[in-house]
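**Student:** Build me a structure from this.
(one chain, ligands or ions: 1)
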Amino acid sequence: RNYINLNSTGRPLLHEHSIEVLKQNDFGGYTVPALGLYPFQWNWDAGFIAAGWAAFDVDRAWEEMETLFSGQWADGMIPSILFWKASDTYFPGPEIWGTKENPSNSTGITQPPIAGVIVRYLYDCTARTNRRLAQQKVSKLFPKILAYHRWWYKARDPLNTGLVAIIHPWESGMDNSPAWDEALHAFPVDDIPPYEREDLKHVNASMRPSKDTYDHYLTLLYRFKAANYDPEKLYWMSPFRMTDLCTNSVLFRANRDMRFLARMLGKKEEVREINTWLRKGKERFQWLWDMDSGLFKCENQLTGKLSSARISGAFLPLFAGVASQDQAAALASNLKLWIDEVKFGVPSADPAGPVFDPVKYWSGPLWININWMISSGLRHYGYNELAEKIEMDSLTVISESGLREYFNPRTGEGAGGESFSWTAALYLAWLD
Ligand code: 9WN
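**Tutor:** Predicted coordinates:
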């Protein structure tokens, strides 16, 4: 609670502390999510982190995104992790992934494509004082982000349905979400080399995915490695292929922001291309609507069935702007019920559901980046009071428990990593 104290300028101390954390996690052009626990540059973390840098150093914010895109693969993919500098405190590191793409080693899978959303955010911040600079910055990144989106559709929606697939739970950014349980356990674990987990040296095992879950993660990794991470093959061969709500909502929203940027830059053909993605995506999103529960659901593409899991990703179509007014109303009333069950919203899984665990990673805890997106979506649909509640809950858990990786929604206690970059960054972005 000492964080709530004010400093001499009347700002909460936590404001200064958040800036310090970003500086301390700055490895030179990129920011690690947490020292020790996550010692490299992560794809979607970089986006949220850049929004935090923008609150006090917008040049550094652009640099974060420029570094991320300097790791783009020739085919357009942005890997989930860029191993810029060696570190032996994370598993699985570069020697396990064994990708050969220049200029750096990286993973061979991706993460939710938040970059387009963030670059538009940075454009808005910069254009307030220097429109010409803002346009220059955007013109350099725009083609790279577009190439990334094209990669998504080509590699992960070869059947042209309008929504993309993830082929590994790590790609969702919500590693052990209950939405993956059934699909992940539908295939057996291969005879994989023995391994030692580094995460358990930093964080208590009860707060992390189980051994069995990790065995499945690594089974997928080794199969993709055997296929040389060839995007033409991975989609078809993966025994895990899900239409993830988070990834698709983020991609949809990024497409809307990219359309804004394309118009600003006068790129007519690109606007048309993005419009096609938006039109098809909007139509297909309706397949994921579960009328009975009043929630969106992830789809298992291998069985054609919607996952029964009720996860916080269900509310992200609000961030995308793809839900109808009726769907938004149903989502808002569900969200209120969820929050009534806990003390601080938004839990990552339905707190009344069978697998809810308030400290186990993506199976219950509150995450600041998800709150940031959900509250922005609620405002878009006019649910300002509910948005305010989520923002206040976020700031309160941070003030009470510090800049932790995630929080127990029943008690507000912090869990996982400490001095966590996106928590610091979004705290700054919210206060800005
Ligand atoms: C695997 C870095 C990342 C986040 C993810 C979060 C966690 C990694 C891990 O940490 O995933 O990518 O090793 O657990 O689930 O959302 O980007 O903060």
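
**Student:** Could you report the neighbour count for Glu16?
**Tutor:** Look at Glu16: counted by other C-beta atoms under 10 Å, it has 12 neighbours. For every residue, glycine as well, the C-beta is placed using N, CA and C.

**Student:** element containing it?
**Tutor:** helix 13-24 (DSSP states H and E).

**Student:** burial count for Tyr217?
**Tutor:** 21.

**Student:** thought it was touching Ile167?
**Tutor:** No - look at Tyr217 against Ile167 with C-beta atoms under 8 Å: they stay out of range, at 11.7 Å.

**Student:** ok, Met242 touching Ile166?
**Tutor:** Yes - using C-beta under 8 Å, Met242 and Ile166 qualify as a contacting pair, with a distance of 5.5 Å.

**Student:** what residues are shared contacts of the two?
**Tutor:** Counting by C-beta atoms under 8 Å, 6 or more residues apart in numbering, the contacts common to Met242 and Ile166 are Ser172.

**Student:** how about the closest residue to the ligand within the stretch 51-200 of the chain, what does it touch?
**Tutor:** Residue of the stretch 51-200 of the chain nearest the ligand, by C-beta to the nearest ligand atom: Gly173 (3.5 Å). Counting by C-beta under 8 Å, 6+ apart, Gly173 touches Trp44, Gln111, Pro112, Cys246, Thr247.

**Student:** I'd like to know the phi and psi angles of it, please.
**Tutor:** According to degrees, to the nearest 10, the main-chain angles of Gly173 amount to phi 80, psi -10.

**Student:** I'd like to know the predicted local confidence at it, please.
**Tutor:** Gly173 carries a pLDDT value of 98.

**Student:** Where does pLDDT dip in the stretch 251-400 of the chain?
**Tutor:** Nowhere does the stretch 251-400 of the chain drop to pLDDT under 70.

**Student:** Mean confidence (pLDDT) on stretch 419-426, please.
**Tutor:** In this model, stretch 419-426 carries a mean pLDDT of 98.

**Student:** is it anywhere near the ligand?
**Tutor:** No - remark: stretch 419-426 sits outside contact range of the ligand, by C-beta under 6 Å from any ligand atom, the gap being at least 7.0 Å.

**Student:** for stretch 24-40, the distance to its chain's centre please.
**Tutor:** Relative to its chain's centre, stretch 24-40 lies at 17 Å (C-alpha atoms, centre = their mean, to the nearest Å).

**Student:** That should have said stretch 13-32, apologies.
**Tutor:** Distance of stretch 13-32 from the chain centroid (C-alpha atoms, centre = their mean) equals 19 Å.

**Student:** cool, and stretch 373-390?
**Tutor:** The answer for stretch 373-390 is 18 Å, by C-alpha atoms, centre = their mean.

**Student:** Quick check: buried residues in that stretch?
**Tutor:** 373-381, 383, 386-387, 389-390 (16 or more other C-beta atoms under 10 Å).

**Student:** Residue of the stretch 1-150 of the chain nearest the ligand, please.
**Tutor:** Pro33 (3.5 Å).

**Student:** List the contacts of that residue.
**Tutor:** Neighbours of Pro33 in contact, by C-beta under 8 Å, 6+ apart: Asn25, Trp42, Asp45, Ile49, Gly417, Phe420, Ser421, Trp422.

**Student:** And the fourth one, how close does it get to His380?
**Tutor:** I take that to be Ile49. 23 Å (C-beta to C-beta, to the nearest Å).

**Student:** quick revisit: make CSV from the contacts of Pro33 and add distance to Asp157, neighbour count and secondary structure to it.
**Tutor:** What follows is the contacts of Pro33, written out as CSV (distance: C-beta to C-beta, whole Å; neighbours: other C-beta atoms under 10 Å; DSSP: H, G, I helix; E, B strand; the rest coil):
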residue, distance to Asp157, neighbour count, secondary structure
Asn25, 34, 22, coil
Trp42, 24, 24, strand
Asp45, 25, 29, helix
Ile49, 28, 32, helix
Gly417, 33, 22, coil
Phe420, 32, 25, coil
Ser421, 31, 29, helix
Trp422, 28, 27, helix
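
**Student:** Return the closest of these with respect to Asp212.
**Tutor:** Distances from Asp212 to the contacts of Pro33, taken as C-beta to C-beta, are shortest for Gly417 (22.7 Å).

**Student:** Give me the phi and psi for the closest one.
**Tutor:** Torsion angles, degrees, to the nearest 10, at Gly417: phi -70, psi 160.

**Student:** right, and it touches Ala34 too?
**Tutor:** Yes - at 3.6 Å, Gly417 and Ala34 qualify as touching, with contact defined as C-beta under 8 Å.

**Student:** Find residues that contact each of the two.
**Tutor:** Residues touching both Gly417 and Ala34 (C-beta under 8 Å, 6+ apart) are Glu405.

**Student:** The ligand contacts on the stretch 51-200 of the chain?
**Tutor:** By C-beta under 6 Å from any ligand atom, the residues of the stretch 51-200 of the chain that approach the ligand are Ser80, Trp170, Gly173, Asp175, Asp199.

**Student:** those helices in the stretch 51-200 of the chain, which residues are they?
**Tutor:** Under the criterion DSSP state H, counting those that start in this stretch, helices of the stretch 51-200 of the chain are mapped to 58-70, 94-97, 115-127, 131-156, 169-172, 181-184, 199-202.

**Student:** name the helices or strands packed onto the second one?
**Tutor:** Spelled out, that is helix 94-97. Counting contacts by 3 or more C-beta pairs under 8 Å, 6 or more residues apart in numbering; DSSP states H and E, helix 94-97 packs against helix 211-226.

**Student:** So which bits of the helix it packs on are buried?
**Tutor:** Thr213, Tyr214, His216, Tyr217, Leu218, Thr219, Leu220, Leu221, Tyr222, Arg223, Phe224.

**Student:** Rounded mean pLDDT for it, please.
**Tutor:** 97.

**Student:** Tell me how far that helix lies from the chain's centre.
**Tutor:** Put simply, helix 211-226 sits 21 Å off its chain's centre (C-alpha atoms, centre = their mean).

**Student:** same check, this time on stretch 43-61
**Tutor:** Counting by C-alpha atoms, centre = their mean, stretch 43-61 is centred 14 Å from the centre of its parent chain.
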